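# Output the structure for:
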Amino acid sequence: MAVNSLAATAVRSTDAGPGWLRKVLALDAVVTGGNGLAYLAFSGPLGELLGIDRMVLLDIGAFLLLFGAGVGFLASRRRPSELAVKALVDANLVWAVLSIVSLVVWFEPSTAGTVWIPMQAATVAGFAALQWWALRSTARSAR
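Here you go, the predicted model:
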């Protein structure tokens, strides 16, 4: 829901500068970090719900928490590095693709997991698209 609101705001936004990019990055940091915290704090119940091993969720949670902190650091920069944002877009796209591959190849999730994995992959891909759009808008506004 928040991503949809954010996307709608993007279409209407007149602030196409680094401020908009920083907002998109900050939202990604919050969602990624929150997901990581949830996986760490509730790996047992979430593992049962999703049909994914608790230890796998702990590993993913630790990774997401660190990744979210890195994205948050990038969002805190006055003018986020174009190269770093491009790397983040690539990483988000890889994560989205690997999520779907893991659903087909590695995991045997529950029904909830079969719904959750593609939903989070679509969310991450959505962040990549918003970040790419914001980066291009920032570059255009700098000219």
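# Leaving out chain neighbours, which residue sits closest to residue 131?
Take residue 131 and drop its neighbours on the chain: the residue closest to it by Cβ to Cβ, 6 or more residues apart in numbering is residue 89, 5.1 Å away. The C-beta positions use only the backbone N, C-alpha and C, and glycine is treated the same way.
# what's the offset of the host helix or strand of residue 30 from the middle of its chain?
Element membership of residue 30 [criterion: DSSP states H and E] is helix 18-41. Averaging C-alpha positions (Cα atoms, centre = their mean, to the nearest Å) puts helix 18-41 7 Å from its chain's average.
# immediately after that helix, which helix or strand?
helix 43-50.
# Now do the buried residues in that following helix.
For helix 43-50, the neighbour count (16 or more other Cβ atoms under 10 Å) marks 43, 46-47, 50 as buried.
# Kindly report the same for stretch 72-92.
For stretch 72-92, the neighbour count (16+ other Cβ under 10 Å) marks 72, 74-75, 80, 85, 88-89, 92 as buried.
# Just flag the most distant two among these.
Across those, the longest distance by Cβ to Cβ is 16.3 Å; it joins 72 and 89.
# List the residue ranges of the chain that fall below the pLDDT cut-off.
1-17, 141-143 (pLDDT under 70).
# Helices of that one, start to end?
2-12, 18-41, 43-50, 54-76, 82-105, 111-142 (DSSP state H).
# out of the ones you listed, deepest packed?
Among these, helix 18-41 has the highest mean neighbour count (mean count of other Cβ atoms under 10 Å), at a mean of 19.
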